[in-house]
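Visitor: Sequence first, then the predicted structure, then my questions.
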Amino acid sequence: MDLTGEKNNFFWPFAAAIFLSVLTIFSVKISILAALSLIVFFICWRRDGAFFYFLAAYLPFQIALNPAAGVDLASGRILILVLFAAVLLKNGWQSVRSGGKTGIFLSLFLVLCLISLLGANDYWRGIRKVLFLASIFPLMPLVVWFINDAKKAKKFLDIILFSSLACAVLGLIQFISQFFMGIEKASRFLSLYIAPVFYGHSFGRLVVENPSWYAEVRGETIMRAVGVFPDPHMFSFFLGFGALFALSVVIFYPKRKIFSFFVFIVCSLTLFLTFSRGGYLGFLAGVCALIVVSWPKLSVKAKKLFRVSLLAATVCVFIWGGPVASRFISSFDSNEGSNAGRLEIWREVVYLSRDSFWTGAGLGNYPLLLNPYENYRSAVTSHNLYLDILVETGVFGLIAWIVFLFYCFKNSLRQIRSEEAITRVFGAGCFGFFVYFSVHSFFETAIFNPTILAFLMIAAGLSASLNHNSPLSSLRRGLGL
C-alpha cells in the first residue's frame, strides 16, 4: 500500500470526503471526530515514531471527548487505535506481534470477556466494556514494536520520568490549594474546570455527585491529592508507576540518578497525599519487591545508601507523617467503617459468583446483580479487581488475567538479571509496578480507567519487548554502558 503514489493521492482524499459526508448525516460531532482521526492517521503514517512518543507523554493528561449524549470518550483511546491502524497498514502484521505468551493470554482474556456476554442481562453494557478494553490493549504490541533500540529506549525513559513528575507536581498544587482557597473553592474548581475536561460530561457529573476527594484525618476533613484523575486511588496507581520506575533508574542508571531521585521523592510524597490505603500497601510492596530483586546487583556503597535512606524515611514518618501513618495503620482495622463495608461487599461477591462460576454474569453486569435498574455510569464495584473479573467473566477469565500477570512478572524478572544497565532499569521498574498493581488491585478496579490501563499495557509491552529483543540490540553501545 503506497500513499505517495499518484493514484492513491487522488483516491484517499476522495474516499475520506465521502465517508465524512455520510457521517455528517448522522452526527456533526462524530463527523468532526472522524475528520480529526483521519488527519491524525496521516500524521502517524508519516511520523509514526514521533507520534508514539507524543502519545506516551499525552496519556496521563488525556482529555475526554463527548461525541454523543451520554458518551464520554477518552481521546487517548482514539489515538491508540489510529496509530495501531497506521503501523499495521504501513508495516504489516510483523509490526504488531503479540509479545509472546503475555500477549496470548491478554488476547485470551479479551475473548473470554466477549464470551461472558452470552449470559449477560445487558449485552450493550458489556459490549461497551469490551470495546473499551479492545481500544487500549493494542498499546502493548505498539510498545513492543517501537522500543527496539538504544535511542528509543533512552527517549522513552525521559518521557516516563518527565510525565510522572509533571503529574505529581499538578497533584501537589491541587492539594496545597485547599489551604489558600479553602476546600469549598478548591472542590468547585475541580467540579467546574477539571471534571468536564478530563473525565467527560457524564462521567464527570457522576464523580462530582459521588466524590472520593475527601478523607477524614484525625477528626478533620481534608481534600486528597487527585490531580487530573477522577479519584485519588486512580491517581495513586499512576504515581506508583512513576515512583517505582524512577527508583529503578536510581538503582541501575548512573546518568539519571539525581533527577530520578527527585522524581521518586515528588511522586512518593504526592502518593502519600492521596491518602489511598490501597496505594500505601501497593507502594510499600512494590518498593520492597524492587529492592529485594535488585539487591544482588547492587554495589556495597549502594546497599549502605539504601539502609541509610530507609532509616531516614522511618524517622521522617515518625516526626511528620502522623496523618499518613494513622491512615496506613487503619488499613488493618477490620472494624473501621470502610474496611468493614468492603469485607461485606467481598463476601457478597463471592456468594454471587457461585451462580455464574464458569462463564460469569457478563462483563460490566455485576451492578445489575445488585440492582436490575442500575445505570451504566454506576459507581458500584466490588472494590477488588480479581473478584470483579471472577463474577463478571467467570473462573477462566480470572485465570487468563492471572496468567497474563504471571508472564509480565516473568519477563521483567528475567531482565533484572541482565548485564546491561538500561535493561535492568526497564525490568526493575516494570517488576515493581506489577507488584504495586497486583497488590492495590485487591482494593480497587483500575483496568477501566483509560490512563491506568494504558500504562499497564506500556509496562507489559516493555517487559515483552525487552524479552523478545534480548535485550534491545545496541543498547550498551548506544548508551555507553
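Guide: Thanks, I have the structure now. Owing to the predicted nature of the structure, the values given are computational and were not obtained by experimental measurement. Numbers count the residues shown, from 1 in each chain.
Visitor: contacts and neighbour counts: CA atoms only from here.
Guide: Fine.
Visitor: need the contact list for residue 118.
Guide: Residues near residue 118 by C-alpha atoms under 8 Å, 6 or more residues apart in numbering: residue 362.
Visitor: What ranges does the stretch 351-481 of the chain have for its helices?
Guide: All helices of the stretch 351-481 of the chain, identified by DSSP state H, counting those that start in this stretch, fall at 366-370, 385-416, 421-440, 450-469, 475-479.
Visitor: Quick one: mean pLDDT over the last one.
Guide: Confidence over helix 475-479, taken as the mean pLDDT, stands at 38.
Visitor: Then the longest one?
Guide: Taken as a whole, helix 385-416 carries a mean pLDDT of 94.
Visitor: What helices and strands are in contact with it?
Guide: helix 100-116, helix 277-294, helix 337-353, helix 366-370, helix 421-440, helix 450-469 (3 or more C-alpha pairs under 8 Å, 6 or more residues apart in numbering; DSSP states H and E).
Visitor: Of the ones you listed, which stretch is the most buried?
Guide: Mean neighbours per residue, mean count of other C-alpha atoms under 10 Å, is largest over the helices and strands packed on helix 385-416 for helix 421-440, with a mean of 27.
Visitor: Next, report how far it is displaced from the centre of its chain.
Guide: Relative to the centre of its chain, helix 421-440 is centred 13 Å away, using C-alpha atoms, centre = their mean, to the nearest Å.
Visitor: For that helix, give the mean pLDDT please.
Guide: 92.
Visitor: for stretch 203-219, same thing?
Guide: Mean predicted lDDT for stretch 203-219 stands at 82.
Visitor: Can you give me every residue that contacts residue 40?
Guide: 79, 82.
Visitor: what do you get for residue 373?
Guide: By C-alpha under 8 Å, 6+ apart, residue 373 has no neighbours at all.
Visitor: do you know how far residue 124 is from residue 376?
Guide: 10 Å (C-alpha to C-alpha, to the nearest Å).
Visitor: Which of these two has more residues huddled nearby?
Guide: residue 376 (17 against 14; other C-alpha atoms under 10 Å).
Visitor: Now do the same contact list for the closest residue to that one other than its chain neighbours.
Guide: Once flanking residues are discounted, residue 376 sits nearest to residue 125: 6.7 Å by C-alpha to C-alpha, 6 or more residues apart in numbering. Residues in contact with residue 125, defined by C-alpha under 8 Å, 6+ apart, are 363, 364, 365, 376.
Visitor: Mind putting these into CSV with pLDDT and distance to residue 387?
Guide: Output for the contacts of residue 125, formatted as CSV (pLDDT from 0 to 100; distance: C-alpha to C-alpha, whole Å):
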residue, pLDDT, distance to residue 387
363, 93, 12
364, 89, 13
365, 90, 13
376, 71, 19
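Visitor: For stretch 159-177, give me every contacting residue.
Guide: Against stretch 159-177 from outside (C-alpha under 8 Å, 6+ apart): 53, 56-57, 60-61, 186, 223-228, 238-239, 242-243, 245-246, 260, 263, 266-267, 270, 273.
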